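Undergrad: fold the following and give me the result.
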Amino acid sequence: MSWITQSSLNWFQRCCIKLLKCGPIPKHVAFIMDGNRRYAKKNNVKKIDGHTKGFHKLSETLQWCLDLGIEEVTVYAFSIENFKRSEEEVDALLELARQKFQRLLDECDKLMEKGVRIRVIGNWSLLPENIVKMISEAELRTKDNTNCYLNVAFAYTARDEVTHAVRTIVNGVSEGLLEEQDITSELLSHCFYTGSSPEPDLLIRTSGETRLSDFLLWQVSYSYLYFTDVLWPDFTAWDLISAVFHYQHSYSKLQYAKEQQKLRQNYEIDTNLVDFNRIGITKNAENFLRVVDNRYWEAVRKNLVS
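TA: Sure, this is the predicted structure:
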């Protein structure tokens, strides 16, 4: 199945989406796609068949998000913790990933037509070389697309992301690219794997679990969290519509909380209470982030020739 399919919405669902569009639509939605293994057990099929069904559901869901006007989607596809599963399951998951990333490359013309940019966030050093080459090619081929963004969290945990960001800043200091006064919470957030993305407005987790499982812990501090009992392969357009409806119902409270946070940060700056909570990016830090970005793309290009 393709990464993005033809819309499967019925007439009534399209009407509901038109009504939803009269209110605020989340610009960035994150998904914890949980329940593939439970789906397999429930339907008496192999675990990998559950994961395959989950990918099919992802392709449907991406199209529903496009129908809604959601500009950015981040999905938790593979946690670093998943490497602790049985060797058989890990190998099967990596093989499934190879197939799907190859399909993505085969269908790149469709992504270019829709203006979709692909980003794979996570610790690439943990992945097989052939998968790294595939995701490097996908990122390079779509890097200039700006209509919408798909971030695939693969070999990812939030703790690893924070560690990566801190190490990036430490290296910047040791190289003389940063001074102490350049280090702010905003600079740290720009050094995350998701540094170029806005924080998610809405996070959806399936399967009835009500935890974040080390996913975007920093970024979802002021997001609306929507938990549903449905297993990921059984997720429907109605479930997405319901999540967006609940987000809209809480929109004013979410905006108020974000505004209060900004006021607290500005107060801390004015009174010098907590230096770490200084916000903003200094000119020096801007130059540093450009260096980091250039090095990233140099490494991506190098992956294709190594």
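Undergrad: find the residue ranges of this structure scoring beneath the pLDDT cut-off.
TA: 1-7, 264-279, 306 (pLDDT under 70).
Undergrad: quick one, strands of this protein?
TA: 28-32, 72-79, 116-121, 148-156, 202-205, 224-227 (DSSP state E).
Undergrad: can you list the ones you listed in JSON lines and add distance to residue 98 and mean neighbour count?
TA: The C-beta positions use only the backbone N, C-alpha and C, and glycine is treated the same way. Below are those laid out as JSON lines (distance: least, C-beta to C-beta, whole Å; neighbours: other C-beta atoms under 10 Å):
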{"stretch": "strand 28-32", "distance to residue 98": "22", "mean neighbour count": "25"}
{"stretch": "strand 72-79", "distance to residue 98": "12", "mean neighbour count": "23"}
{"stretch": "strand 116-121", "distance to residue 98": "13", "mean neighbour count": "22"}
{"stretch": "strand 148-156", "distance to residue 98": "12", "mean neighbour count": "24"}
{"stretch": "strand 202-205", "distance to residue 98": "26", "mean neighbour count": "25"}
{"stretch": "strand 224-227", "distance to residue 98": "31", "mean neighbour count": "19"}
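Undergrad: nearest to residue 105, out of the ones you listed?
TA: Closest to residue 105 of those, according to C-beta to C-beta: strand 116-121, at 9.8 Å.
Undergrad: elements contacting the closest one?
TA: For strand 116-121, the packing partners by 3 or more C-beta pairs under 8 Å, 6 or more residues apart in numbering; DSSP states H and E come out as helix 129-142, strand 148-156.
Undergrad: how about the residue nearest the centre of the chain: what's its closest non-neighbour residue?
TA: Taking C-alpha atoms, centre = their mean as the criterion, residue 74 is the residue nearest the geometric centre of the chain, at 2.6 Å. Spatial nearest neighbour of residue 74, chain neighbours left out: residue 151 (4.0 Å); criterion: C-beta to C-beta, 6 or more residues apart in numbering.
Undergrad: how about the helices in the stretch 101-250 of the chain?
TA: Secondary structure of the stretch 101-250 of the chain, counting by DSSP state H, counting those that start in this stretch: helices at 108-114, 129-142, 158-174, 185-190, 237-249.
Undergrad: and the longest one, what's buried?
TA: For helix 158-174, the buried set under the neighbour-count rule, 16 or more other C-beta atoms under 10 Å, comprises 158, 160-161, 165, 168-169, 172.
Undergrad: closest to residue 89 out of those residues?
TA: Using C-beta to C-beta, residue 160 comes nearest to residue 89 of the buried residues of helix 158-174, at 20.7 Å.
Undergrad: residues in contact with the residue lying closest to the closest one once chain neighbours are set aside?
TA: Among residues not flanking residue 160 along the chain, residue 123 sits closest, at 5.4 Å (C-beta to C-beta, 6+ apart). Applying C-beta atoms under 8 Å, 6 or more residues apart in numbering to residue 123 gives the contacts 80, 155-156, 160, 164.
Undergrad: distance to residue 85 added to the helices and strands packed on strand 116-121, as TSV?
TA: Shown next, in TSV, are the helices and strands packed on strand 116-121 (distance: least, C-beta to C-beta, whole Å):
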stretch	distance to residue 85
helix 129-142	17
strand 148-156	13
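Undergrad: tell me which of those lies nearest to residue 302.
TA: helix 129-142 (8.5 Å).
Undergrad: got the angle for the closest one vs strand 116-121?
TA: 140 degrees (axes from the mean of the first three to the mean of the last three C-alpha atoms, to 10 degrees).
Undergrad: now do the buried residues in helix 129-142.
TA: Buried positions in helix 129-142, judged by neighbour count with 16+ other C-beta under 10 Å: 131-139, 141-142.
Undergrad: about what we covered before: tell me the phi and psi of the residue nearest to residue 160?
TA: phi -90, psi 90 (degrees, to the nearest 10).
Undergrad: tell me how far it lies from residue 100.
TA: Separation of residue 123 from residue 100 (C-beta to C-beta, to the nearest Å): 19 Å.
Undergrad: equivalent analysis for residue 44, please.
TA: Using C-beta to C-beta, residue 44 is found at 24 Å from residue 100.
Undergrad: of the two, who's got more company?
TA: When neighbours are counted by other C-beta atoms under 10 Å, residue 44 and residue 100 differ, and residue 100 comes out ahead with 18 against 7.
Undergrad: what is the neighbour count of the residue lying closest to the more buried one once chain neighbours are set aside?
TA: Nearest non-adjacent residue to residue 100, counting by C-beta to C-beta, 6+ apart: residue 55, 5.9 Å away. Number of residues near residue 55 (other C-beta under 10 Å) recorded here: 20.
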